[in-house]
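Student: sequence and predicted structure, then a few things I'm wondering about:
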Amino acid sequence: MENAYVTGLYRRLDAQRELAATRLREVHLLESGGTYQSRLERDALEVHHTRRLAELHAAEYGLCFGRIEGADGERQYIGRIALADEDHEPLLTDWRASAAEPFYRATPAAPGGVVGRRHLRSKGRSVVDFDDDAFGVDALEGRDSSELSGETALLASLTAARTGRMGDIVATIQAEQDRVIRSELGGVLVVQGGPGTGKTVVALHRAAYLLYTHRNRLAKSGVLVIGPNTTFLRYIDAVLPALGESEVVLSSIGTLYPGVTGTDTETPEAAAVKGDLRMVRVVAAALDGLRQLPEESWTVTVGRRSPYREELEVSRALCERAQAAAQRTGEPHNAARAALVERITSELALRIARDRAARDQGSKMDLGEVADLADALVEEPDLQALADRLWPLLSPEQLLTALFGSAELLARAMPDFSAAERAALLREQGPWTTADVPLLDEAAELLGPLPGSSASHRTEAALDARELEFAKLVLDDFGVGLVEMDAEMLARQYRGEESLRPLAERAAEDRTWAFGHVIVDEAQELSAMDWRLLARRCPGRSMTIVGDLAQTGAPAGLSSWGEALDEYTAGRWRTVELTVNYRTPAEIMRVTEGVLRAVDPALPAPSAVRSGGTRPWSLRIPADDRAAALRAAVEAEVTALDGGRMAVIHAPSWPAELVDALAGLDGVTVHDGPSALDSPVVLMTAAQSKGLEFDAVLVVEPAEILAAHSRGVNDLYVALTRATRSLGVLHSGDLPAMLQGLDPR
Ligand SMILES: Nc1ncnc2c1ncn2[C@@H]1O[C@H](COP(=O)(O)OP(=O)(O)OP(=O)(O)O)[C@@H](O)[C@H]1O
């Protein structure tokens, strides 16, 4: 019976696709010329139908996955998109619509008007199975009033072999997760949750929900999702397209400054210093340090090749007055230089006029002539060179290169840092790192664009009323369906200023882009300077922040949410907690209990939703022949893996010969970026494994992971919680006492 209904839904989906494709073909056949208005219409329609078609295609897999029944017997089917029949009678409810909420929220204890809920499981276009959750008093009897919804479907999805890419969970979102996903758009929402509680997957579904519910507000400004690194971004990048969303910008902090891709080659010492909020003052002080002043005076020669050649003394006092004039403009540094030059040239022009009048009685210059002379002085090479010393034009890259390259400037700009902290920043010209990115952004704020650079032209000329009027007419004609653009965007696009390029591209090129909503994953890793950068990208402070303070591994990362947020939200943010671990079986979580206590005894452990898998085990390997023993252990695990994926997680300081010994094995890849996800077995550090998951995990030498740095215990916690089925620990020395409950092999 369900099959017949779902077959009908697919028939309707096909019809909708055909319709959208026909409309798109018609648009393409329209003449490209025509009036201003008709061209606008054509472009708007093209965007609209292309998007609709993509959405209809994304809905193919698992189109309908649930049904709820109300007390009046009325049934409602829940799926990836909304569908209606020819008479506009609803056939399928979009999972994001408020009408779908009871499907996710109803529990036997709080049924909220739902008397029956069914989870459908499909293969291709056919329903192969379904499970019913029963509600109501009769149904409760003899039943575990578990909070889980659709247990069978959930467990099937949790125990499936991992593919190296995260999938969507629309069919099995749980009530506590649904509350996060549908939480209101405004303000800052912090989602704290232990490993495997679905923080990442929930944050991504929230992005899809927000874009669906608030498309008018968010389509133009976009949603930014921040992840810890490019491997992680690759791991999650299929989730939103599967939900029919392509307009979300996925980025890491390292790529938030246009033109730079920050590497993760920073030393922990330098990363800690660069993430410190005091760096705001350091960048400003470095700029100040590059504005020179003469001891007493500098001499400039003007009119070198003219009969009026003159040597002029520019006193320190005049230089100070000129610098003060530039400061007073309140403009960014580069733009303020004009005021400095004007001050100097006008004072010098007056002096020349006075001198000439004194030399040659009767030849008095009028004010207009003095002004002309001042203008002419601006072009004098000596005066430009003088301005370069007093107020050099600088790019953010130049400012930071000057700072990091000079022990003297570092000393001057960082008086309240220790000598060791200053020394950590001193370096030869090298690639920009992720920790440099918020500093470059800070410098860009202070400096403003260089005169004549493309960024300084970005402020586009205002649209005239006629252009806007046409664009509004076009939008009115199409009504509500066309919400991808507003009138201004459409008019600008036609003008050629704004193209149909995806929002992600436009936003990535524009340092000053203001996103409508920002989602931060693994948020505990961000430094105070990273938060400052993100606050700038999200002036409306509409943010979702997900993370786990027990997993903080970064030297400048967080120990409490207030450290990051008080500064930007005046202490106002709301927190929700996710409490159920969907990834790791209970047996493995028990091994991690002592480690979590060592991180912070106050942090609650998430409860594992299932038990099973192989019992976690440990194996002592000989200290004098680790390579051979490791190879044997890894080979045995790979054989047992049976098509799944595995990670071998080790300390950052691992000797190259151990890495080499394992890298030679069949199917084993050393982590070197996103491609590692495609390999059956990957060798990585605990920090690199953050946010990822594998069927099997081997943690090697936990004592070395603990000792690697000040947050080694957090790293060990991350490493131990990556497995969905089996965990093994290999050690040559004694096992750390905090690791308990492993079966020795
Ligand atoms: N409701 C759900 N239905 C099906 N699978 C789920 C559900 N919630 C979470 N999962 C799965 O559990 C796993 C862990 O989710 P996720 O990676 O989002 O957790 P996390 O809280 O970000 O973990 P960590 O902090 O350890 O990185 C993923 O495979 C995810 O798909």
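Tutor: Alright, I've got the coordinates. None of these values were measured; they are calculated from a predicted model.

Student: which bits of the protein sit near the ligand?
Tutor: Within the chain, the positions lying close to the ligand (Cβ under 6 Å from any ligand atom) are 154, 157-158, 166, 169, 172-174, 177, 193, 195-201, 548, 582-583, 691, 693, 721. All C-beta atoms are positioned from the backbone trio N, CA, C, and that covers glycine.

Student: so which of those are in strands?
Tutor: Using DSSP state E to define strands, the subset of the residues of the chain next to the ligand located there is Gly193.

Student: and for Arg215, the neighbour number?
Tutor: Neighbours of Arg215 under the rule other Cβ atoms under 10 Å: 13.

Student: phi, psi of it?
Tutor: Torsion angles at Arg215 (phi, psi; degrees, to the nearest 10) stand at phi -60, psi -40.

Student: what's the answer for Leu727, then?
Tutor: Note on Leu727: backbone dihedrals following degrees, to the nearest 10 are phi -130, psi 130.

Student: one more: Leu233?
Tutor: The phi/psi pair for Leu233 (degrees, to the nearest 10) is phi -60, psi -40.

Student: where does the stretch 51-200 of the chain dip in pLDDT?
Tutor: Along the stretch 51-200 of the chain, the model assigns pLDDT under 70 to residues 134, 136-147.

Student: what about the nearest residue to Pro195 once chain neighbours are set aside, distance to Glu693?
Tutor: Among residues not flanking Pro195 along the chain, Thr721 sits closest, at 3.6 Å (Cβ to Cβ, 6 or more residues apart in numbering). Distance of Thr721 to Glu693, given as Cβ to Cβ, to the nearest Å: 9 Å.

Student: hang on, the earlier thing: contact partners for the residue nearest to Pro195?
Tutor: Thr721 makes contacts with Gly194, Pro195, Gly196, Asn581, Arg583, Thr584, Ile588, Met589, Thr592, as judged by Cβ atoms under 8 Å, 6 or more residues apart in numbering.

Student: what sits in contact with each of Thr721 and Glu693?
Tutor: The contact sets of Thr721 and Glu693 overlap at Gly196, Arg583 (Cβ under 8 Å, 6+ apart).

Student: find the centremost residue of the protein, please.
Tutor: Ile226 (1.2 Å; Cα atoms, centre = their mean).

Student: look up the closest residue to that residue, ignoring the ones flanking it.
Tutor: Residue nearest to Ile226 in three dimensions, not counting chain neighbours: Val520, with 4.7 Å by Cβ to Cβ, 6+ apart.

Student: likewise for Phe232?
Tutor: Closest residue to Phe232 apart from its sequence neighbours, by Cβ to Cβ, 6+ apart: Gly691 at 4.7 Å.

Student: run through the bridge partners of Val699.
Tutor: Note on Val699: beta-bridge partners Ile649, Val729, judged by DSSP bridges.

Student: quick one, what contacts it?
Tutor: Going by Cβ under 8 Å, 6+ apart, Val699 touches Ile649, His650, Ile705, Leu716, Ala719, Leu720, Leu727, Gly728, Val729, Leu730.

Student: which residues does the residue in the stretch 601-745 of the chain positioned nearest to the ligand contact?
Tutor: Relative to the ligand, the nearest point of the stretch 601-745 of the chain is Gly691 (4.3 Å; Cβ to the nearest ligand atom). Going by Cβ under 8 Å, 6+ apart, Gly691 touches Thr200, Gly227, Pro228, Phe232, Tyr235, Asp521, Glu522.
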